[in-house]
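1. Next comes the sequence, and after it the predicted model I'd like to discuss.
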Amino acid sequence: MALSARNAFVVPIACLVSAVACSAFVACSSDPTPSQMQATESTAAISSAVREAPYLWWRAERDRRQREIDTYLASSDDFPYFKDNAVGQSGLPVEIHRLLPEMMPEFWGSGNPDDPTDLIYPFRKFGMQQDPWSPTSLLPFGMGQTKGTDVLIPIPGLDKLRMNLVTLTCAACHVGQVIGPDNLVHFLVGAPNTTFDSDAYRVAVTNSLNDSRFTGPNIKRAMHAHPVGYFYNPHDDAQEILERSAFDLKAAEVVDIVKERAVHGNWDLVEKYWINTAYSGQTSENARGHTPGRLDPFGVINALVLDEAHAKFAPTHGAMVDPMAVWRQNDRLLGNWDGNQSNKIYRNLAVAFGIIGDAHKITLNMSQHTTAFTNDLPPPPYLWDIDNTRVRRGQLLFQQTCSGCHQGSNKYVYPLERIGTDPNRALYSYTDYTRKLLIAQLRIACTDPVLCDVPDSEILREAGKDVGYMAEPLDGIWARAPYFHNGSVPTLEQVLVPGDRPAIFVRGNIEYDTQNVGFVWNRPAQGSSIYNTALEGNSNRGHDTPEFLGTIDWANDPEKRADLLEYLKTL
């Protein structure tokens with residue numbers, strides 16, 4: 001191809017030279033001959049092919065990987081559990097979940113003035129979207145229904161009616177979004193969701209349940225403003241009619257039960273035993289505030305297992321982290337950022353406990369299905385073009401500087417003093433006392449006598465032991481921004497060049513920075529928030545010594561830096 005390209009340019013270049021020397025030459029006249037036109041077209045085609053050649057391999061590879069994901073999702077019996085099934089038997093009755101936003105819009109956001117049929121609109125405030133796989137769903141993506149749960153309402157002529165409830169699914173935190181090169185939103189299964197604000201959602205529910213307007217008569221009045229079919233899809237009319245009868249006959253009782261038993265009713269414990277201590281003095285970017293894509297899961301579950309007499313064991317420091325990517329879990333022998341759980345089933349049960357708040361209402365079956373689904377889930381391929389010439393050079397740099405730590409099946413936890421990243425998550429997740437309480441709760445949730453018979457150390461590592469952070473495999477690393485366990489570094493370029501790390505930046509923008517590899521961080525977007533690295537638990541330091549950056553001065557070698565970043569996009 002190089003020879004053909006060189007020869008194709010002989011005529012045009014000669015023509016330019018002749019034109020300078022002798023403008024009367026026919027070969028260089030302003031009216032090209034048919035052969036000259038053909039040569040020019042051929043030159044343009046070859047030039048285009050030369051420019052495109054470095055990208056052809058990745059385009060084919062990207063298509064192959066996307067087909068692999070599509071096949072995996074379509075053939076997996078476990079994907080619906082991950083996407084649609086609530087993580088436990090608790091939450092809000094379907095009708096109440098739909099009515100709260102219209103009854104109390106100041107907590108949720110009012111309806112869409114441009115599209116009154118957009119029933120998901122009030123939930124967009126919390127970063128939720130319409131389900132891309134089920135566009136007619138009446139629930140936001142990341143929320144699912146339980147079936148026949150234990151909100152038991154005595155109905156004359158019937159036994160106790162079991163109402164369906166709404167709560168979160170695994171997809172709420174573990175399906176990311178990005179605006180692709182086609183300007184469309186792409187959903188990335190297994191990636192951290194950088195837009196979902198779980199704490200703000202929890203606060204909205206709690207505020208609604210504690211509001212003076214949340215009464216039986218008001219719920220019943222609001223319900224009757226809508227016809228049958230408003231709360232369920234048409235094939236569930238029978239269930240909706242039964243549940244409407246419960247509200248008609250026992251609305252006050254339903255409201256009381258919801259206030260008492262909904263998982264979000266435990267928020268007063270979390271507020272009392274955790275937030276007021278761990279986040280006291282922080283006026284923004286904490287667990288009460290606007291924190292899309294961030295949460296403090298162990299802070300919540302510690303608070304849920306405590307009582308008044310043992311409140312002194314509540315976490316004393318906040319430890320907000322980003323959800324982790326959950327693909328290829330077979331390569332992750334230890335769970336969580338600090339590697340404190342080795343048993344996969346108990347990992348998922350711990351997450352469910354933080355959402356449901358009652359070990360007896362956690363569904364072991366769900367944990368089994370989601371574990372099976374994520375074991376071999378492929379990561380999403382980078383959506384833009386990649387220069388294969390740089391990739392070949394970048395792969396050598398990766399092997400030289402990164403692969404020794406970031407490899408599958410790694411069980412080594414890097415000590416805090418060695419890696420230097422923010423210590424809060426590793427140090428303050430739990431104490432010996434709360435660890436014992438949490439293990440006891442998880443054993444209640446794990447009901448299979450064979451599957452669940454594991455040592456305590458596999459359920460949750462001893463407090464203060466092997467304190468530090470994991471070096472995860474870097475597959476799908478492009479979709480895992482922002483970086484570090486607390487999401488304190490927006491791009492991979494800034495990981496390599498610590499001096500470029502911003503002290504304050506924007507989180508929650510799903511536009512992508514293809515040059516620096518991460519989400520756009522210096523421009524706000526709908527639902528985005530400000531991240532302040534000066535707040536406790538938010539430090540962006542660490543992973544900044546020669547040991548972790550290699551022997552290359554990435555800041556002063558932009559070519560090598562670009563080569564490595566190009567290779568990382570392919571993982």
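-> Received the coordinates, thanks.
2. What's opposite the residue lying closest to residue 466 once chain neighbours are set aside in the beta bridge?
-> Leaving out its chain neighbours, the residue that sits closest to residue 466 by CB to CB, 6 or more residues apart in numbering is residue 413, at 4.6 Å. Every C-beta, even on glycine, is put in place using the N, C-alpha and C of the backbone. Following DSSP bridges, residue 413 is listed with bridge partners residue 470.
3. how many other residues sit next to residue 413?
-> 21 (other CB atoms under 10 Å).
4. Please give me every residue in contact with it.
-> Residues in contact with residue 413, defined by CB atoms under 8 Å, 6 or more residues apart in numbering, are 334, 338-339, 466-470.
5. now do residue 299
-> Here residue 299 is in contact with 270, 274, 278, 287, 315, 318-319, 429 (criterion: CB under 8 Å, 6+ apart).
6. Flag every buried residue along the strand or helix carrying it.
-> Secondary structure from DSSP states H and E places residue 299 in helix 297-305. Across helix 297-305, burial judged by 16 or more other CB atoms under 10 Å covers 297-305.
7. repeat for stretch 213-229
-> 214, 218-220, 222-223.
8. what residues does stretch 233-240 touch?
-> For stretch 233-240, contacts defined as CB under 8 Å, 6+ apart pick out 94-95, 136-138, 164, 228-229, 231-232.
9. Spell out which helix or strand contains residue 531, please.
-> strand 529-532.
10. CA atoms only for that strand, dumped as CSV, please.
-> Below are the C-alpha coordinates for strand 529-532, written out as CSV (Å, rounded to 0.1, in the frame of the first residue of the first chain):
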residue,chain,number,x,y,z
SER,A,529,-22.7,17.7,41.4
ILE,A,530,-19.5,19.3,42.7
TYR,A,531,-16.8,17.1,44.2
ASN,A,532,-14.5,18.7,46.7
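11. Residues contacting it, please?
-> Contacts made with strand 529-532 from outside it, assessed by CB under 8 Å, 6+ apart, are listed as 284-285, 289-292, 482, 487-488, 503-508, 538.
12. Now do the strands in the protein.
-> Secondary structure of the chain (DSSP state E): strands located at 92-93, 143-145, 152-153, 161-162, 165-168, 175-179, 185-189, 413-415, 468-470, 504-507, 512-513, 518-519, 529-532.
13. Ok, which of those comes nearest residue 330?
-> strand 468-470 (15.3 Å; CB to CB).
14. Take the buried residues of helix 297-305 and write them to a markdown table, including pLDDT.
-> Formatted as a markdown table, the buried residues of helix 297-305 follow (pLDDT from 0 to 100):
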| residue | pLDDT |
| --- | --- |
| 297 | 88 |
| 298 | 89 |
| 299 | 85 |
| 300 | 86 |
| 301 | 87 |
| 302 | 86 |
| 303 | 83 |
| 304 | 86 |
| 305 | 88 |
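15. Can you report how many residues lie near the closest residue to residue 496 other than its chain neighbours?
-> Distance criterion CB to CB, 6+ apart; nearest residue to residue 496, sequence neighbours excluded, is residue 554 at 4.1 Å. By other CB under 10 Å, 21 other residues sit near residue 554.
16. Check the gap between residue 554 and residue 393 for me.
-> Distance, residue 554 to residue 393, by CB to CB, to the nearest Å: 14 Å.
17. hey, what's in contact with both of those two?
-> Here residue 554 and residue 393 have residue 560 as joint contacts, going by CB under 8 Å, 6+ apart.
18. Please name the residues that touch residue 120.
-> So residue 120 contacts 128-130, 140 (CB under 8 Å, 6+ apart).
19. got a pLDDT number for the closest residue in space to residue 121 that isn't next to it in sequence?
-> Nearest residue to residue 121, sequence neighbours excluded (CB to CB, 6+ apart): residue 112, at 3.9 Å. On pLDDT, residue 112 comes in at 79.
20. Next one: residue 227 from residue 96, what distance?
-> For residue 227, the distance to residue 96 - CB to CB - is 18 Å.
21. same question but for residue 320, I mixed them up
-> 29 Å.
22. So between the two, which is more surrounded?
-> Set residue 320 next to residue 96 and count neighbours by other CB under 10 Å: residue 320 wins out with 29 against 26.
23. if I read this right, that one contacts residue 486, doesn't it?
-> Yes. Look at residue 320 against residue 486 with CB atoms under 8 Å: they come within range, at 6.1 Å.
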